[in-house]
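Peer 1: fold the stuff below for me.
(2 chains)
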Amino acid sequence: MKYRVGIDVGGTFTDFILVDDNGITEMYKVLSTPKDPSLAVFNGLHEMAEAKGIDYREFLNQIQIIVHGTTITTNAVLTGNGTKTGFITTKGFRDVLNMRRGLKKRQFDSRYAPPPPLVPRYLLRTVEERVNCEGREVTALNREDCMDAIQKLKDEQVEAIGVSFMFSFLNPLHEQEMGNLIKEYFPETFVSLSSEILPQVRFYERNSTTAMNAYVGPTLKRYIESLIARLAADNFKGTLLIMQSNGGVMSPEVVMRFAANTLLSGQAAAPAAGLMIGRTHDLENVITADMGGNSFDVCLVKSGKANLTTEGEIGGHKICFPMLDIHSIGAGGGSIAWIDSGGIMRVGPQSAGADPGPACYGLGGEKPTVTDADLLLGYLSANHFHGGRMELDVEAAKRAVYDKIAKPLGLNLMEAAYGIYQIINNNLAIGLNQVSVEKGYDPREFSLVVAGGAGPVHASMIAKQVDIPMIFIPKYSSVFCAAGLLMSDLIHNFVRSYMCLQNKIDLDRLNIFFGKLRMKALEALRSEGVSLDRINLIYSVDLRYEGQFNEVEIPLLVDTNGVIRENDITSLFQSFHQRHDELYGYSMPGTLVELINLRLLAKGTIDKPPLKEFPFLGKDPSQAFKCERQAYFTDRFHNVPVYDGAKIGYGNLVRGPAIIEEVTTTLVVTPDYNLYVDKVNNYVMYRKNFGLKKLLAKLEGRERWEKELIRF
Amino acid sequence: MGKRIDPVLVSIMDNLFNSIAEEMGQTMLRTSRSPIFSEAGDFATAIVDHKLRLVSQKPYIAVLMGTIPFAVRAINKSFEGNINEGDVYLVNDPYRGGNSHLPDCTVAKPVFENGKLVFWSVAKGHLADIGGKGAAGYNPLATNIVEEGIRIPPVKLYERGDYQQNAWDLIITNVRHSELVEGDIHCLVGTVILGERRVLGLIKKYGINTLNQAVDNLLNASERHVRQEIKNIPNGVYYAERFMDNDGFDRGKMVKVGLQLIVDDDSITFDYSNSDRQVKGYINSTLANTYSSSYLALFTTIDSNIRHNEGAFRPITIIAPEGSIVNCSEPAPCSVCTTCAASTIIEAAWLALSQAVPKLTQAAWARGSIPVTMGFNPRTGKHYSNAHLLSKGGAGATFGFDGWDHMGVVICTGRLRAPDPEMHELAAPFSTLCYEFLQDSPGAGKWRGGMGTRYIFRVEADEIISNNFGDGLLPETAPYGLAGGKGAASSKLRIIKANGEVVDPEVHKFVTLNKGDIYEVLETGGGGYGDPLERPIGKVWADVRNELISVECARNDYGVIIDPGTLKIDYAKTDEIRGKTK
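Peer 2: Residues are numbered from 1 along each chain as shown, chains lettered A, B, ... in the order given. Coordinates of the predicted model:
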């Protein structure tokens, strides 16, 4: 047997998904080992071998591919435990990195401190050199300054050095020379040159990305090198791939150079997982929503492509590598309900976390949380939380909600609990709107894919608010990202600045620039063993109206040879006007458009594991019926059937209101929704007025629905 | 009091109204073209109800937080009885339009439901140019508002959905960079249309009656919230005064803002009766600006989570005599009121508040000495104008926290994004020679002020007109410290001409810059808080190692003796000095 393994390291658990040649999928969870995350990786591999009854070394031998999502760099930044890093920049610009463009986010709050700098000022060195805004050298690189900077940083025993000079994206010679000197005189240090990792305009943003890359580089390198060595020693002969923030995977050799590319890779597999579920039914438009204890992460995938952003931020520092545009809001099961001094009820952003956690955990928490409300409303069961591993304290939840919310507001207990549920749902719906409506997309054209422990409890209410008719809840909701790892392709992003006005475009130069990006792209994928027929290059250009300060990335459609012609450019500008209108409510077709950056996304398609189809059980779900319980909707309790997720199967139809209990989550089907189980055993909730026929036509294809599912 | 409705619904409405203002703000940020607008974020967005009450807003530049209702009231008054569905209004005049100063244009669109006006969607921002003789809208020679640019009383840009060519032409014809200005007005219009669309969505979903009730309730809630906060300020009468450097004409005379702050249980009065009369130059403050600055001072001191709507303003009374520096009368010029006068008002208010609630108040921020330049850029072949916001100074410290570095003028409360140094050179004919923290610039304290900036540039073109619309060049106007913290030094300016001659550009004065001239801004840091001798030795040492302060400063201000060569601390001497002085 041949296996594929997805390994996703999370804060509490490290999730594994194991898929064999027949598409049989199993999930495993082991406790994470934050000090050395690779311990959990090997613990999991051992556990899987044992469960399969295969010798561990033989099991590793049978693994074809491991796709690994790691949070090692993220944690290094968030805990301030990155490498001791030096930074060398142009004389006169020592503090651009730490000025952070002089921004403070919470404008009215005077009582908080700025993020600590990645590089303290004594490790920021400057050298005399200057290139002007036309890319011409106006001051030669002062070699003495360079040697002095290197010596100082060597004395300070830095492990990594970032180098970023003014206008190096136009003329990288000084940076390259600096890089060579470092390699010669301080070879053991990790070097990151801005012209190599992000050759695009905007000095602070380039500095920050470069410094970040240096800051996490050695940490990632050590981790991956030791992982590779140990896997090899344990008889693994397959391919190891690492997840990046852009939603694609990369070989370990490349990822070590672009370490900052892994900073937001934690949730980056979610869109691929969401798309996998959508594609089971030929749906290419999905919004993924992952709701855990503290956060709600949303990502929009349109026509099979997730949006990327180059305005990422982590720990208060900018990072401008293209990364998935995952919108995160501080709302989850642990969000605390409270009343502000004006008497308005609020939910979040403060969270009770895991300890003490919601009041109902019985760990001493006294503040009412979303989970407490969900329990009182009957959505969660006191003795089935986490598959019964944890008994919930209903009385504690009652006390918290009554004392802190109901009594002061003059509501009864259930009104208060339902209020918490409604307010959090509204906050989540605002989050969904921010990635869809506010970005010019109509949510009605999308399906919502919901994951995470708390997500399925709230999914149908949120979807109703933003008018999404269909919600998918994957069977493997709780190891969603691990599953997504195996569905991801190799992706590399390339960029270069080409600042010029619409009427001054030199088509030959444009072709040369893109030609160079194309060569780099092909080379990168070829080095990862991707054959030409599996390579897909996506061209785009950052555009803005002359004088604007923010760009919009617009795809540039070119022929297969990558040759750009006059009319490709014409349609590029047409798309820009249209997209500007979608995004911001107006366009100015008579105004000149300005090019800023040229971008190329290179994708190498990887074989995906097959999905196993399950036997058709018919619409009657009674085999999975567990019991009835009281659940509160709108203004009263209803008697609601509860089903066992382990026994429910393909074709089963459940009318709302109803509850499905899975081991790690609970699905609440509100009275407006019904639920259907599809052929790969994923749950589909749909609005009652949407209609089963329409749903099945959409999910199963008209032909199949009319022929095979006629039994409905 | 509004009728009691479901408190859950009120909370939901409050969040939804705020998310609309936020989304409008995002649109402004991403599509505007005036650099002051998009890079610096000099704009605000808001939803106002049919009773002209501010329901929700997103003031990117905090000092715009109280101005929008003034403009909407002026529009409403001008066109009463003739406000129709599909209209879009624009106004920029402070005297006829309730605006703060001419460069800020307010665009408003009434939102109708079944033929009835129910809300207003409003956006306000600083345009790239507003005509007149000023650089980027600031004319230090103006003695009458008509010299500051085109005055636009409330006009219709659209009437019942029809584009009003005559109004647009009149505006566009009277400004420089007309294509940028036209783009920015489009951006404002796009923003209010978006706001309207979202409000209509809410009406469709919840019904207008529910929305109106929710608005009553949420405004009352904000009022209660603020009253609760004011109750925590000890009752009393607190007096403070602060000065502006000069009005650009009578250069020897500082101009005073005198404030008597009266805290009475759950309400607060800002009485500016003891301020100077209005002056000849453009530093006069309009009423809208004085209101806004007072609100800003209070809301940066009390709970920062308060929603800044009409209800939150109810407990606040402002007394500003007509014809004074804080409520100038037509036709006084007033274009720099949003920086100079506003900063001075905020400083006076914080200084008064510090007597009542010292632990909640901030020391003063650097005033901001910002060259605004305009001219022809031979490299791009285009005329340009911009403000050199690379010169942002430090913020004041407060109890428990050092001031933030490179924050800039206090009116923006930290939302003023510095230009990118590369973008700056690509657009304008300058080479930046130095853009770094200014050593020893912050006021010393147990918590020190934020770092100021050493900003030096060389001019790369001839005939560039420059005006420094700054303040804070005098010891009296430099940032003050609080609770034993020291103030910062005043900022310093000079121009070294290509021929070696050194010129003092002063503030509020046109100077012509030519190729090869070097302009130097030493922008100061923020004021310190608490006794500097109580600053932990380790922190002082780290500042020395980071070359943020010198060993001399460590010794003189903080009583910490550090060897300049080895950076070793002489603990014996340090203890001696720190012990003795205490």
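Peer 1: what sits against A:Val563?
Peer 2: The neighbours of A:Val563, taking C-beta atoms under 8 Å, 6 or more residues apart in numbering or on different chains as the test, are A:Asn511. From N, CA and C alone the C-beta is placed, and that goes for glycine too.
Peer 1: and it, that's in a strand?
Peer 2: No - counting by DSSP: H, G, I helix; E, B strand; the rest coil, A:Val563 falls outside a strand, being coil.
Peer 1: pLDDT score assigned to it?
Peer 2: If you check A:Val563, the pLDDT there is 91.
Peer 1: spell out which parts of the stretch 351-500 of chain B neighbour chain A.
Peer 2: Within the stretch 351-500 of chain B, the positions near chain A by C-beta under 8 Å from any C-beta of the partner chain are B:362, B:379, B:392, B:395, B:398, B:400-402, B:404-408, B:412-418, B:420-423, B:425-426, B:431-437, B:451, B:456.
Peer 1: could you rerun that using 7 Å?
Peer 2: Residues of the stretch 351-500 of chain B that fall close to chain A, judged by C-beta under 7 Å from any C-beta of the partner chain: B:362, B:392, B:398, B:400-401, B:404-408, B:413-418, B:420-423, B:425-426, B:431-437.
Peer 1: pull out the buried residues from the residues you listed.
Peer 2: Among these, the ones that count as buried by 16 or more other C-beta atoms under 10 Å in any protein chain shown are B:362, B:392, B:398, B:401, B:404-408, B:413-418, B:420-423, B:425-426, B:431-437.
Peer 1: out of those, which are inside helices?
Peer 2: Under the assignment DSSP state H, these contribute B:Pro421, B:Glu422, B:Met423, B:Glu425, B:Leu426 to helices.
Peer 1: ok, now which ones touch the third one?
Peer 2: Same thing as B:Met423. A:Val201, A:Arg202 (C-beta atoms under 7 Å, 6 or more residues apart in numbering or on different chains).
Peer 1: give me the neighbour count for A:Arg636.
Peer 2: Look at A:Arg636: counted by other C-beta atoms under 10 Å in any protein chain shown, it has 8 neighbours.
Peer 1: worst-scoring helix or strand of the chain, pLDDT-wise?
Peer 2: Assuming you mean chain A. helix A:702-707 (a mean of 62; mean pLDDT, DSSP states H and E).
Peer 1: um, chain B though
Peer 2: Min over SSEs of chain B, mean pLDDT, DSSP H and E: helix B:35-38 (a mean of 65).
Peer 1: wait, B:Asn514 sits on B:Asp462?
Peer 2: Yes - counting by C-beta atoms under 7 Å, B:Asn514 does reach B:Asp462; the two are 4.7 Å apart.
Peer 1: chain A contacts on the stretch 1-150 of chain B?
Peer 2: For the stretch 1-150 of chain B, the contact set with chain A under C-beta under 7 Å from any C-beta comprises B:7-8, B:10-12, B:14-15, B:19, B:23, B:27, B:30-31, B:33, B:35, B:38-39, B:62.
Peer 1: residues contacting A:Thr288?
Peer 2: A:Ala270, A:Pro271, A:Gly274, A:Val298, A:Cys299, A:Val449.
Peer 1: between those residues, which is nearest chain B?
Peer 2: Closest approach between the contacts of A:Thr288 and chain B, by C-beta to the nearest C-beta: A:Val298, at 14.2 Å.
Peer 1: could you measure B:Ala349 against A:Tyr676, distance?
Peer 2: Between B:Ala349 and A:Tyr676 the computed distance is 62 Å (C-beta to C-beta, to the nearest Å).
Peer 1: more neighbours: the two, which one.
Peer 2: Counting neighbours by other C-beta under 10 Å for B:Ala349 and for A:Tyr676 shows that B:Ala349 has the greater number, 27 against 23.
Peer 1: how many residues are close by the nearest residue to that one once chain neighbours are set aside?
Peer 2: Leaving aside its sequence neighbours, B:Ala349 sits nearest to B:Ala297 (C-beta to C-beta, 6 or more residues apart in numbering or on different chains; 3.4 Å). Residues contacting B:Ala297 under the criterion other C-beta under 10 Å number 25.
Peer 1: by contact count, what packs against the helix or strand where B:Ala297 lies?
Peer 2: Element membership of B:Ala297 [criterion: DSSP states H and E] is helix B:287-299. Helix B:287-299 makes packing contacts with strand B:316-319, helix B:340-356 when contacts are defined by 3 or more C-beta pairs under 7 Å, 6 or more residues apart in numbering or on different chains; DSSP states H and E.
Peer 1: alpha carbons of the longest one, in PDB - could you do that?
Peer 2: When you say that, I think you mean helix B:340-356. Extracted as PDB, the C-alpha positions of helix B:340-356 are listed here (Å, rounded to 0.1, in the frame of the first residue of the first chain):
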ATOM      1  CA  CYS B 340      -1.600  74.400  14.800                       C
ATOM      2  CA  ALA B 341      -4.800  75.600  16.600                       C
ATOM      3  CA  ALA B 342      -6.100  72.100  17.100                       C
ATOM      4  CA  SER B 343      -2.800  70.900  18.700                       C
ATOM      5  CA  THR B 344      -2.700  73.900  21.000                       C
ATOM      6  CA  ILE B 345      -6.300  73.300  22.100                       C
ATOM      7  CA  ILE B 346      -5.600  69.600  22.700                       C
ATOM      8  CA  GLU B 347      -2.500  70.500  24.700                       C
ATOM      9  CA  ALA B 348      -4.400  73.000  26.800                       C
ATOM     10  CA  ALA B 349      -7.200  70.400  27.400                       C
ATOM     11  CA  TRP B 350      -4.700  67.700  28.400                       C
ATOM     12  CA  LEU B 351      -2.900  70.000  30.700                       C
ATOM     13  CA  ALA B 352      -6.100  71.000  32.400                       C
ATOM     14  CA  LEU B 353      -7.200  67.300  32.600                       C
ATOM     15  CA  SER B 354      -3.800  66.300  34.000                       C
ATOM     16  CA  GLN B 355      -4.700  68.300  37.100                       C
ATOM     17  CA  ALA B 356      -7.700  66.200  37.600                       C
END
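Peer 1: got the buried residues for that helix?
Peer 2: Neighbour-count burial for helix B:340-356 flags B:340-354, B:356 (criterion: 16+ other C-beta under 10 Å).
Peer 1: buried sites along stretch B:550-570?
Peer 2: So stretch B:550-570, judged by 16+ other C-beta under 10 Å, has buried residues B:Ser550, B:Cys553, B:Ala554, B:Arg555, B:Asp557, B:Tyr558, B:Gly559, B:Val560, B:Ile561, B:Ile562, B:Ile569.
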